[in-house]
Every structure is written in C-alpha cells, then in structure tokens.
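S.K.: predicted model follows, preceded by the sequence.
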Amino acid sequence: MPFLNTIRLAPGGQPLPLYGFRIPAGFPSPAQDHLEREISLDEILDIRAPHTYLVRAAGDSMEGAGIFDGDLMVVDRSREAEPNDIVIAALNNEPLVKRLTCEGRQVVLRAENPRYAPRYILEGDELTIWGVVRFSVRCHEPR
C-alpha cells in the first residue's frame, strides 16, 4: 500500500470524556453530572494497531454511504471483507473505496452515488482488498 499515508496513533492517547446520553439538536450544553466515563478515540473507533490505518476519501462516489470528499476513513486490514462491506481496494492497481457486492458469483464494486456505474470484476482483472472501512470522520468547520 505505498500510496497510503498512514497515521500512527500515539500509545496511551489522551482519554476524552464520554457522556451517557445522546444530544438532540439544540440541546444547550451537556451537564457534568451526566459524565459516564473517560475513553480514548482509539476505543471509540475500535483502533487495533497495527491492523488499522487511516486514509482520506477523495471525490463524491460514496456520499450515499455518508463518506464525503476529505473524510478520514478508519480502515481495518485484519477483517475479512464480506458482501456489503465498504472496502479500500486496488482494481488493476487503481486504488478506490467502494461497496463490495456480489451478483451470483460475480464480484461487483459499487459506488454509493447513482452517477457512477458499478465496476464488475472480469476475468483477467486483479482485485486486492486492502481493508474494510469501519468508520469515517468528518470536519464540520468551513474550509
């Protein structure tokens, strides 16, 4: 995976507060007495080094799955890819992120945007799965 810039997470990262309730839009502020415990983002995102890497999405082909241009994807390379997983793959050495599906015995990589056609894996194609996307993280500040 030479094209991927991986980010190593520091061991023993800073624990962050986790509140034991969900915030409805417009809730004024979380109350300190609802603090459930402290956990790390490694725990929330199920980071299992060295089997996990991070990579940014490019383009709009996975927007229907909630993955947008520039999002940071958390990818687990130790998981066996199964139908309907979102995967990081190389198709004929071209890296991509797509949903792995099957039509009968035919393997198909699908975008989550109707503007993009499915990519059918044909005889002679080389498909390598580099990992299963477990989470994506998006910045909500204006760029």
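M.R.: Arrived safely, thanks for sending. Numbering: from 1, shown residues only.

S.K.: who's in contact with stretch 69-81?
M.R.: Defining contact as Cβ atoms under 8 Å, 6 or more residues apart in numbering, one finds that stretch 69-81 is touched by 45-48, 51-60, 67, 85, 87-88, 97, 100, 129-139, 143. From N, CA and C alone the C-beta is placed, and that goes for glycine too.

S.K.: just the buried ones from those?
M.R.: Among the contacts of stretch 69-81, those scoring as buried are 45, 47, 52-55, 57, 67, 85, 87-88, 97, 100, 130-136 (criterion: 16 or more other Cβ atoms under 10 Å).

S.K.: mind listing what's buried in stretch 109-128?
M.R.: Using 16+ other Cβ under 10 Å as the test for burial, stretch 109-128 gives 109-112, 119, 121.

S.K.: can you put the residues you listed in JSON lines and add distance to V74, pLDDT and secondary structure?
M.R.: Putting the buried residues of stretch 109-128 into JSON lines (distance: Cβ to Cβ, whole Å; pLDDT from 0 to 100; DSSP: H, G, I helix; E, B strand; the rest coil) gives the following:
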{"residue": "L109", "distance to V74": "20", "pLDDT": "98", "secondary structure": "strand"}
{"residue": "R110", "distance to V74": "21", "pLDDT": "98", "secondary structure": "strand"}
{"residue": "A111", "distance to V74": "20", "pLDDT": "98", "secondary structure": "coil"}
{"residue": "E112", "distance to V74": "17", "pLDDT": "98", "secondary structure": "coil"}
{"residue": "R119", "distance to V74": "23", "pLDDT": "96", "secondary structure": "strand"}
{"residue": "I121", "distance to V74": "25", "pLDDT": "96", "secondary structure": "coil"}
